[in-house]
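*Asks:* here's a sequence, model it:
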Amino acid sequence: MELSWIDVVDTAVKIGFGAVITAISGYLVLIKSQSYESDKEIKERFYKLQDEKKIKYVEFLAQSQELIQSHLYTSSLPNSEEYKCYLRIFNEVQIVSSNEVRAIAYKLMSAISHFIFLNKNAQETELVSDMVRLAREEVALFQEVVQIEVTQSPGK
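*Replies:* Predicted structure coming up:
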């Protein structure tokens, strides 16, 4: 059977359209795949940072509460090793936190510092009790704020 030029052009156009459709669909699949991978990486980084924050927040809270308990009846020195460790974790919290958390962490650190450096022997019991209560309230406030931060979803 003899092919006419119309049949040849018709076949070429069909092959060309098929190639164009394949190229477009391949491009769309590639874009979608890259978008998915990008979103996946962003979420992985977000959750990794959230886990890092949780660890730092728990450590900061634990050290805050330990300092309160260990200095209920005695005062501390600013150059003690436990206070230096506390300042280190405080600074780590400041680096990875939002501005709201940073402000609350500063209030907590300040309340803890005032309490542990207070000379307990020369003070009235009521003042010491008020300072303990204030420090514990700051711990509770910090817990509330960071709980909200570390449980939020990506993209918020």
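
*Asks:* which residues in the protein form helices?
*Replies:* 5-70, 81-96, 99-117, 125-150 (DSSP state H).

*Asks:* ranking those helices by burial, who's on top?
*Replies:* Among these, ranked by average contacts under mean count of other C-beta atoms under 10 Å, first place goes to helix 99-117 (a mean of 18). Any C-beta I mention is one placed from the backbone N, CA and C, and that applies to glycine too.

*Asks:* reformat the helices of the chain as JSON lines; add mean pLDDT.
*Replies:* Compiled in JSON lines, the helices of the chain are given as follows (pLDDT from 0 to 100):
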{"stretch": "helix 5-70", "mean pLDDT": "91"}
{"stretch": "helix 81-96", "mean pLDDT": "95"}
{"stretch": "helix 99-117", "mean pLDDT": "94"}
{"stretch": "helix 125-150", "mean pLDDT": "92"}
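
*Asks:* just give me the residue right at the centre of this structure.
*Replies:* Centroid-nearest residue in the chain, with C-alpha atoms, centre = their mean: residue 50, separated by 3.7 Å.

*Asks:* how about that residue: what's its closest non-neighbour residue?
*Replies:* residue 150 (5.3 Å; C-beta to C-beta, 6 or more residues apart in numbering).

*Asks:* correct me if wrong: the one you found contacts residue 57.
*Replies:* Yes: counting by C-beta atoms under 8 Å, residue 150 does reach residue 57; the two are 6.9 Å apart.

*Asks:* nearest residue to residue 149 other than its sequence neighbours?
*Replies:* residue 101 (5.8 Å).

*Asks:* an error on my part: the question was meant for residue 83.
*Replies:* residue 76 (5.9 Å).
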